[in-house]
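S.K.: kindly return the folded structure for what I paste below:
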Amino acid sequence: MIQAFIYTLKVWWTAAIVSPILILIFLPNQNHSDNSQDFIITCLVVFVGAIYSVPSAILFYLTSRWVNKLKVYLQKLILTVVSTVLTYLPFGLIKGIRLEFDNSTIVLLGSYYIVIVAGIWLYKLMLVNNESISIIV
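M.R.: Next comes the predicted model:
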């Protein structure tokens, strides 16, 4: 139980911190050139993103507990599929169920989704019998 919680926190916070940086890289704001504004915007996006993603993090935690007795690759595959829906959920809450997929929306969704999936496959998820698989510790 605690392993699933720690795993969820690692994936969730990685996405909440790294994704806004990717967004700033791939979707630069043309209205300003001050790096201090970029830092403030990044902090704001991390804060707001963390708040709006709490329901997704809770559902991700419950899913990671549910798949705990499966083989590791199946666990991670299921979590990857579930994360597809959970990545869309906060954006659906913010922009409404019917998103328009313009460049900015694709960059926003893609940044979070890529980081979440990377976190799922890179972080170690402990099994019931203490076997684990990970690319990094």
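S.K.: what is the helix or strand of the chain with the lowest mean pLDDT packed up against?
M.R.: In the chain, no helix or strand scores lower on mean pLDDT, DSSP states H and E than helix 35-52, which sits at a mean of 73. In this structure, helix 35-52 makes packing contacts with helix 2-26, helix 72-95, judged by 3 or more CB pairs under 8 Å, 6 or more residues apart in numbering; DSSP states H and E. Glycine gets a C-beta too; all of them are placed from N, C-alpha and C.
S.K.: I'd like the next helix or strand past it.
M.R.: As assigned by DSSP states H and E, the chain's next helix or strand after helix 35-52 is helix 54-66.
S.K.: what separates the residue nearest to V117 when sequence neighbours are not counted from Y7, distance-wise?
M.R.: Distances taken as CB to CB, 6 or more residues apart in numbering place T80 nearest to V117, at 5.5 Å, with adjacent residues excluded. If you measure T80 against Y7 using CB to CB, to the nearest Å, the figure is 14 Å.
S.K.: so between the two, which is more surrounded?
M.R.: Shown here are T80 and Y7; by other CB atoms under 10 Å, Y7 has more neighbours (23 against 14).
S.K.: which non-adjacent residue is nearest the more buried one?
M.R.: By the measure of CB to CB, 6+ apart, the closest residue to Y7 outside its immediate chain neighbours is L125, 5.1 Å from it.
S.K.: give the helix, strand or coil label for that neighbour.
M.R.: coil (DSSP: H, G, I helix; E, B strand; the rest coil).
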